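>>> Quick one, what's the 3D model for this:
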Amino acid sequence: MEKEITVKIEKLASNAQGIARYEGAVIFVDDEVCPDDECRVEIVKKHKSYYIAKVKEIINSSPYRVKPFCPMHKVCGACQLQHIDYKKQLVIKRQIVEDVMRGLEVEVKEVEPSPQIKEFRHKIQYPIRQTSVSKRLLAGYFKPKSHDLVNIKYCPIQPKICDEIIEFIRENASKYCVDGYNEKTHKGLLRHVVIRSSVLENRQLVVLVVNKENETKDIRTFAEVLFENFESVVGVSLNFNPQKTNLIMSNDTKSVIGKEYIKEKLCDTVFKIGANTFFQVNPESANNIFNYVKNYISDNFDEPVLLDAYAGISAFGLSLSSVAKSVVTVEENVESVKLAKTLKKENNIENIYIYNSDCSEFFEKELEEHKKDYDVTILDPPRKGCTPESLDYALKLTKSKIVYVSCNPATLARDLKYLKEKGAEILSLKPFDMFCHTTHIETVAIIDVENV
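Numbering: from 1, shown residues only. This next block holds a predicted model:
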């Protein structure tokens, strides 16, 4: 094959690479391409069944191309699709789900758009670094496939107040002897800044992640100054992370001043979100998912008994309790279970039973007394999906339907194939855009297990 060729981009892969064909060969095109772009590309790598290429020139631009609204889009690794019209982004995401579901013989519904496509991200995590030429800090996101930090002063996908908080930290930290982290030497105090922002309250919780095992006078003073300078900040916490690790936060968090949480609402249920609480970063889109599941259950069942597995803070269980006879939730993280029990009490919910247990262990114990006792089981696992053992248990415990909520189409497809081989029927697949301008997608699968 020639070193340089002209191709037309047919579609995008799940990693945002363009896919084209040339003389029967598949070409994966790096760089910022769009379906229907006609490009001059250079072949940079040959594999057995495909080629990797880079764009030399866009000869004819796709009609779906738009001007990105972020001035940093070319150097920041956060948004892969901002150069593509939003409606086309939804088509691309649907196609990504369809591609991995091939062979399951189920229609993928249209993607539910995010209610907001700017300022939708309500949890931000900024790495902090020390500049080599001044006392000011760098704060931003990493360049794609690197640990080179892009200093970002304005990010249009997060609330503007977050930019203001970060700029205050960037400008003032050194005045209180708070220096930035050096990844190579493992020195420097401030590693990350995490900001959680509430749609419900329009308030923020700030977490300063420090390279220490305990609090210092300087970082406490700076946390107090930060709190006093922002009326909307309800609290500032410290997270102690002295290990040489890529993990952003440890489990060791201490509130310095103000509240330890913000509040958010899903399906009329109010949730407390602390520094370490897992909660969706796009609450308005998450609310669409929760309402979709709630409406499906209320339309198809009369006071069902529900099981919520991989429950986290029991968000699904608490939100669905109003349309259920009873709900059982299972979560192995102790702190999440404690918070779930607090939320149960504060929301005056009596028909939910919250268990602290590994899901597989709980399932095995439940089978002794409750085989096929649950009308609907909610599965909301991490990106790695469910184990075959967990899926087998869910089939044995569930009388009618499984609702599987997934943030990873590949592992969802794997698990759905397994369930189908066991006799389950995949009724529907509904994607939701939780992460605008990226190829990431959340999908809800409804699975009939009555005849298994």
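>>> burial count for R65?
18 (other CB atoms under 10 Å). Heads up, the C-betas are built off the backbone N, CA and C, glycines and all.
>>> Mind listing residues that contact the top helix by length along the chain?
If you go by DSSP state H, the chain has its longest helix at helix 283-300. When contacts are defined by CB atoms under 8 Å, 6 or more residues apart in numbering, helix 283-300 is touched by residues 112, 114-116, 120, 122, 198-200, 264-267, 279-280, 304, 306, 315-316, 319-320, 323-324, 376, 378, 401, 403, 405, 430, 432-434, 442, 444, 446.
>>> And for stretch 322-332?
Outside stretch 322-332, the residues that reach it (CB under 8 Å, 6+ apart) are 267-268, 294, 297-298, 301, 303-314, 316-318, 320-321, 337, 340, 351-359, 362, 374.
>>> Selecting buried members of those in PyMOL, what would you type?
In PyMOL, this line selects whichever of these come out buried by 16 or more other CB atoms under 10 Å:
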select buried, resi 267+294+297+301+304+305+306+307+308+309+310+311+312+313+314+316+317+318+320+321+337+340+352+354+355+356+359+362+374
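>>> Just the ones of the contacts of stretch 322-332 in strands?
Assigned to strands by DSSP state E, the following of the contacts of stretch 322-332 qualify: 305-309, 352-356, 374.
>>> Out of those residues, give me the two with the largest separation.
With CB to CB as the measure, no two of the ones in strands among the contacts of stretch 322-332 lie farther apart than V305 and N356, at 20.2 Å.
>>> Quick check: buried residues in the lowest-mean-pLDDT helix or strand in the chain?
Ranking every helix and strand in the chain by mean pLDDT, DSSP states H and E puts helix 359-367 at the bottom, with a mean of 87. Across helix 359-367, burial judged by 16+ other CB under 10 Å covers 359-360, 362-363, 366.
>>> and of those residues, the nearest to A275?
Nearest to A275 among these: C359, at 24.8 Å, using CB to CB.
>>> So the nearest residue to Y64 once chain neighbours are set aside: helix, strand or coil?
Using CB to CB, 6 or more residues apart in numbering and skipping residues adjacent in sequence, the residue nearest Y64 is K88, 4.2 Å away. Classification of K88 using DSSP: H, G, I helix; E, B strand; the rest coil returns helix.
>>> For the stretch 101-250 of the chain, give me the ranges with low pLDDT.
Applying pLDDT under 70 to the stretch 101-250 of the chain picks out no residues at all.
>>> Spell out the residue ranges of the strands in it.
Assigned by DSSP state E, counting those that start in this stretch, the stretch 101-250 of the chain shows strands spanning 123-130, 137-142, 149-151, 190-197, 204-210, 233-240.
>>> could you dump the longest helix of the chain to CSV, C-alpha only?
Output in CSV follows, covering the C-alpha atoms of helix 283-300 (Å, rounded to 0.1, in the frame of the first residue of the first chain):
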residue,chain,number,x,y,z
PRO,A,283,-27.0,14.6,37.6
GLU,A,284,-29.6,15.9,35.1
SER,A,285,-28.8,13.1,32.7
ALA,A,286,-28.8,10.6,35.6
ASN,A,287,-32.2,11.8,36.5
ASN,A,288,-33.4,10.8,33.0
ILE,A,289,-32.0,7.3,33.5
PHE,A,290,-33.7,6.9,36.9
ASN,A,291,-37.0,8.1,35.6
TYR,A,292,-36.8,5.8,32.7
VAL,A,293,-36.3,2.8,35.0
LYS,A,294,-38.9,4.0,37.4
ASN,A,295,-41.5,4.5,34.7
TYR,A,296,-40.8,1.1,33.2
ILE,A,297,-41.3,-0.6,36.6
SER,A,298,-44.4,1.4,37.5
ASP,A,299,-46.0,0.8,34.0
ASN,A,300,-45.4,-3.0,34.1
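>>> List the buried residues in it.
283, 285-290, 292-294, 296-297.
>>> Hmm, P35 and P63 touching each other?
No: using CB atoms under 8 Å, P63 is not in contact with P35; the gap is 9.7 Å.
>>> more crowded one of these two?
Between P63 and P35, counting by other CB under 10 Å, P35 is the more crowded of the two (20 against 12).
>>> residues touching that one, list them.
Contact analysis of P35 by CB under 8 Å, 6+ apart lists 9-12, 18, 62, 64, 84, 88, 92.
>>> and the residues you listed, which of them are in helices?
Using DSSP H, those in helices are 88, 92.
>>> which of the contacts of P35 count as buried?
Buried members of the contacts of P35, scored by 16+ other CB under 10 Å, are 9, 12, 18, 62, 64, 84, 88, 92.
>>> Quick check, pLDDT for M1.
Note for M1: predicted pLDDT of 76.
>>> Alright, I will stop here.
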